[in-house]
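J.: 3D, please:
(one chain, ligands or ions: 1)
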Amino acid sequence: MNLLIRKILISIGENPDREGLKETPQRVEKMYKEIFRGYDKTQEPNITIFNNGVDGIEYDQMIMDQGDYYSHCEHHMVPFFGRYWFAYIPHPKGKILGLSKVGRIVDWFSAKLQVQERLTHDVVEHLWKSLANEKDPIGMGLVMEGEHLCKSMRGVKKKGKMRTTYLMGAIKDDPAARAEFMDWVNKNGEL
Ligand SMILES: [Zn+2]
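T.: Sure thing, here's the model as predicted:
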């Protein structure tokens with residue numbers, strides 16, 4: 001990959017042998033291994049799941065989590081990044097999720113070339129499948145807001161921000177659950 005990065009430097013008009021760029025190809029290669037680790041199956045995070053009720057309560061209300069994410073747009077290979085809002089309603093006889101794992105799964109699917117729509121979809125499908133052993137979760141939803149540098153940096157729009165949403169089960173179909181989730185997102189989101 002070193003040589004390829006070197007060729008890119010030359011092709012944009014740079015001198016890859018000048019002092020500041022000497023180590024750049026190696027640095028970029030090393031960084032790519034980290035930020036695109038999502039292609040390496042061996043680094044896939046394990047998801048911890050528990051039987052609902054194991055804590056003495058069969059929980060059937062909405063559980064929410066939010067955080068940041070950083071990914072790369074597959075059309076331009078530059079970052080898009082922002083916040084996500086995740087929620088699910090566990091099946092009272094089904095599984096519950098170690099919530100710290102949501103962020104790690106978001107990170108994992110972000111660590112490859114993506115489009116925000118697919119990223120949102122893939123995270124939900126993956127978490128849904130992880131929980132759906134015998135009983136499907138009651139509902140699940142994810143909203144992602146992202147600033148796309150391929151837009152903001154080029155002034156195509158003043159801010160290259162977009163929001164994507166993927167909902168399943170009751171959070172999609174039950175107006176009350178959907179409103180509970182979306183109200184929470186809208187209180188915190190910018191779009
Ligand atoms: Zn792009």
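J.: next SSE after the helix or strand containing residue 33?
T.: Secondary-structure assignment from DSSP states H and E places residue 33 in helix 24-35. Per DSSP H and E, the first helix or strand lying C-terminal to helix 24-35 is strand 49-51.
J.: Next, the buried residues of that following strand.
T.: Across strand 49-51, burial judged by 16 or more other CB atoms under 10 Å covers residue 49. The C-beta positions use only the backbone N, C-alpha and C, and glycine is treated the same way.
J.: Name the residues of whichever helix or strand comes after that strand that are buried.
T.: Following strand 49-51 in sequence order, the next helix or strand is strand 63-73 (DSSP H and E). Judged by neighbour count (16+ other CB under 10 Å), strand 63-73 contains these buried residues: 65, 66, 69, 71, 72, 73.
J.: by contact count, what packs against strand 63-73?
T.: Packing contacts for strand 63-73, counted by 3 or more CB pairs under 8 Å, 6 or more residues apart in numbering; DSSP states H and E, involve strand 79-89, helix 100-110, strand 113-114, helix 116-131, strand 139-148, helix 175-188.
J.: let's see 6 Å
T.: Helices and strands touching strand 63-73, by 3 or more CB pairs under 6 Å, 6 or more residues apart in numbering; DSSP states H and E, are strand 79-89, helix 100-110.
J.: Does the ion have contacts with that strand?
T.: Yes - judged by CB under 5 Å from the ion, strand 63-73 and the ion are in contact via residue 73.
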